[in-house]
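K.L.:
Provided below are the primary sequence and the corresponding predicted coordinates.
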Amino acid sequence: MYNKLQYISQGNTIEEQLYNIHQALDAGCNWVQMRFKDQSFKDTFTLAEGVKSLCEEYLANFIVNDDLHLAEQIAADGVHLGLTDTKIDEARAILGTTKIIGGTANTFEDIENHVKNGCDYIGLGPFRFTATKEKLSPILGLSGYFDILQKMKKNKIEIPVYAIGGITLRDVSPLMETGIYGIAISGIITESTEKEILIQQLNEKLYAKAIV
Ligand SMILES: Cc1ncc(COP(=O)(O)OP(=O)(O)O)c(N)n1
Ligand SMILES: Cc1nc(C(=O)O)sc1CCOP(=O)(O)O
Ligand SMILES: [Mg+2]
């Protein structure tokens, strides 16, 4: 099954991205989503080659944000697609069944559609305001997650759901109580000066039920 913690990369240059990803891998992350917005294809491709080899070295999963064709070309482990990116069923037709396809959702209906179209996991957000992403969908808060996860249970919809958006360490346990599978984090991991401790603490909370 998938790791419960996905690190979403940050950095304005190839060097910053590689540094941040390397640090996250060194600190124990083993799932990286490369998110490098508004860059040339050449730079994005160069970065993807570097991230791929780092993730191979650390035996980590490597998925690409937005760019299905780059994910295919670089033979990444998969791609994460938003509501306005390539459609999930089109991506599935191109990538086949062995690759991971994640889809963004903000509502129960988004999740229903993604599941019908062959999505592997859902990134459900935003939990709260975050400066990491522009043009956020409506904020869900804890009650939004609770309501959507209850509706999924009632309708027997089973797919790993990752909470995303402004998540901090203290949010993890209450979020897990709503029935989500894991979390996707960018800011607090990138900015942490004690990444190894932070990732250990995040994992303790994420896997608390699994260990008991
Ligand atoms: C795990 C995860 N969930 C949601 C998103 C957001 O994707 P998207 O809506 O396409 O926004 P951008 O990341 O492309 O700005 C994500 N990237 N990862
Ligand atoms: C990339 C992204 N997508 C979101 C969504 O709600 O779909 S929120 C978000 C940013 C996640 O980064 P941070 O942990 O720094 O808030
Ligand atoms: Mg996107």
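P.N.:
Sure thing, it's come through. Numbering: from 1, shown residues only. Ligands and ions are numbered 1, 2, ... in the order given.

K.L.:
Tell me the residues of the protein that contact ligand 1?
P.N.:
Selection of the chain residues close to ligand 1 by CB under 6 Å from any ligand atom yields 6, 8, 33, 35, 65-66, 80, 82-83, 85, 102, 104, 123, 125, 133, 162, 164, 184. For the C-beta atoms, the positions are set from N, CA and C on the backbone; glycine is no exception.

K.L.:
Select only the buried ones of those residues in PyMOL?
P.N.:
Here is the PyMOL selection string for the buried members of the residues of the chain next to ligand 1, based on 16 or more other CB atoms under 10 Å:
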select buried, resi 6+8+33+35+65+66+80+85+102+104+123+125+133+162+164+184
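
K.L.:
restrict the residues of the chain next to ligand 1 to contacts with ligand 2.
P.N.:
The residues of the residues of the chain next to ligand 1 that also fall near ligand 2, by CB under 6 Å from any ligand atom, are 8, 104, 123, 125, 133, 164.

K.L.:
The fourth one against residue 104, yeah?
P.N.:
Yes: Residue 125 is in contact with residue 104 according to CB atoms under 8 Å; the separation is 7.4 Å.

K.L.:
I would like the residues contacting the longest helix along the chain, please.
P.N.:
Longest helix of the chain, by residue count under DSSP state H: helix 41-57. By CB atoms under 8 Å, 6 or more residues apart in numbering, the residues outside helix 41-57 that reach it are 9, 14, 17-18, 21-22, 25, 32, 34, 36, 39, 60-62, 64, 67, 70, 73-77.

K.L.:
and these, which are buried?
P.N.:
Applying 16+ other CB under 10 Å to the contacts of helix 41-57, the neighbour count classes 9, 14, 17-18, 21, 25, 32, 34, 36, 60-62, 64, 67, 70, 74, 76-77 as buried.
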